[in-house]
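Peer 1: With the sequence up front, the predicted model follows.
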Amino acid sequence: MKNPVLGVLSFLLDKILFFVKPKPNCTSATDKNGNVYETTQFKRGDLLEVPRTLFVHFGIYLGNNRVAHLIPDILSALTSQKTSAKKVVTNKRLIAGVLAKIASVRVDSVQDFAYGAIILVNEMDRHMKSNPLSNEEAAQRAEKLVGSTSYSLLWDNCEHFVTFCRYGTAVSLQTEKFCDTVKKIIRDQRSVVISAAVGLVLTLCVGLSPFTTIPTFLITFTLWMAS
C-alpha cells in the first residue's frame with residue numbers, strides 16, 4: 001500500500017520544481033545551422049558588421065532580434081506580394097539586384113542577417129572621425145528608411161546606409177579603400193606596360209580589327225596619361 005504522506009510530499013515537490021525551474025533562454029538566436037547569437041550583447045541602435053569573403057555587410061540593430069540592413073534585391077521591384085519578398089534574399093536575387101541597381105532596406109532576424117558569420121558590434125566607431133549619434137536616433141533613422149531604394153555597389157551600399165543612420169553622414173570605408181587601390185594601380189607605370197603587352201598579344205592572336213586595336217590603344221593611352 002502506497003504511503004499517503006509520501007504521495008503528498010511528491011506532489012508538493014513537483015509543484016515547487018515547476019515554479020523554480022529555469023525559464024528557457026530567450027536572449028539568444030539560433031540559425032538553421034546551429035550557430036548561436038547572443039542578442040543580449042546588442043543594444044538598439046548598435047551598428048552590426050558581418051565579415052564576408054570579399055566584403056563586410058552592415059546593419060542597424062532595432063531590438064527584439066531585429067536588424068535593419070540595405071541589401072540588393074530584384075524581387076522588391078518585380079512583385080507586390082509581401083510574403084514572398086519577406087523571405088531571406090537568395091544569392092540569385094542579390095546578384096540580380098546589384099546588376100539592376102535595385103535594393104531594399106529590410107528588417108530581418110539576427111540569424112538571417114548574419115547568415116552563419118560572426119557579428120562585430122560598433123567596430124566602425126574607432127575608424128570614423130565624427131562621433132556616433134544616440135542609439136535611439138540611429139535606430140529611428142533606420143526604421144524610417146525601411147523599403148525599396150536605389151543601389152550602387154560603390155556609391156550607395158549597405159555601408160552608406162548604416163553610416164548615415166549612426167553618424168549622420170553616408171560614407172563607405174570599403175569604397176574608399178577600393179578606390180585608393182585602383183588609383184595605385186593606375187598610377188603604377190607597370191600597368192601601362194602590362195596593358196600594352198596584353199593588347200599586343202590579343203592583336204596578334206585575333207588580328208588587326210577595330211574590336212581589338214581601338215580598346216587596346218585607348219586603355220594603354222588612358223593609363224599612360226593617368227600615371
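Peer 2: On my side now, so go ahead.
Peer 1: May I have the residues that are in contact with residue 125?
Peer 2: Under the criterion of Cβ atoms under 8 Å, 6 or more residues apart in numbering, the contact partners of residue 125 comprise 47, 132. C-betas here are computed from N, CA, C, even on glycine.
Peer 1: where's it relative to residue 51, distance?
Peer 2: With distances taken as Cβ to Cβ, to the nearest Å, residue 125 is found 17 Å from residue 51.
Peer 1: tell me the domain boundaries of the chain?
Peer 2: Domain assignment of the chain by automatic domain parsing yields the ranges 28-172, 188-226.
Peer 1: weakest of these by average pLDDT?
Peer 2: Mean pLDDT is lowest for domain 188-226 among the domains of the chain, at a mean of 64.
Peer 1: Point out the most buried one among the domains of the chain.
Peer 2: Of these, the one with the most neighbours on average (mean count of other Cβ atoms under 10 Å) is domain 28-172, at a mean of 17.
Peer 1: thinking again about what came up before, turn the domains of the chain into a markdown table, columns for distance to residue 181.
Peer 2: What follows is the domains of the chain, written out as a markdown table (distance: least, Cβ to Cβ, whole Å):
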| stretch | distance to residue 181 |
| --- | --- |
| domain 28-172 | 12 |
| domain 188-226 | 11 |
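Peer 1: show me where this protein has helices.
Peer 2: Listed in chain order, the helices of the chain (DSSP state H) span 4-20, 75-78, 82-85, 91-100, 110-114, 135-144, 158-167, 173-187, 190-206, 210-226.
Peer 1: Summarise which helices and strands the fourth one is packed against.
Peer 2: Helices and strands touching helix 91-100, as assessed by 3 or more Cβ pairs under 8 Å, 6 or more residues apart in numbering; DSSP states H and E, comprise strand 66-72, helix 75-78.
Peer 1: so residue 117 makes contact with residue 53?
Peer 2: No - in this structure residue 117 lies outside contact range of residue 53 using Cβ atoms under 8 Å: 9.5 Å.
Peer 1: Give the full set of residues in contact with residue 103.
Peer 2: Under the criterion of Cβ under 8 Å, 6+ apart, the contact partners of residue 103 comprise 70, 71, 72, 73, 76, 97, 148, 149, 150, 151.
Peer 1: Once you drop chain neighbours, what's closest to residue 119?
Peer 2: Among residues not flanking residue 119 along the chain, residue 48 sits closest, at 5.4 Å (Cβ to Cβ, 6 or more residues apart in numbering).
Peer 1: is it true that that neighbour touches residue 61?
Peer 2: Yes - with contact taken as Cβ under 8 Å, residue 48 and residue 61 are classed as touching, separated by 5.6 Å.
Peer 1: any residues in contact with both of these two?
Peer 2: Common neighbours of residue 48 and residue 61 are listed as 42, 67 (criterion: Cβ under 8 Å, 6+ apart).
Peer 1: who wins for proximity to residue 175 among the helices and strands packed on helix 91-100?
Peer 2: With Cβ to Cβ as the criterion, residue 175 lies closest to strand 66-72 of the helices and strands packed on helix 91-100, at 13.8 Å.
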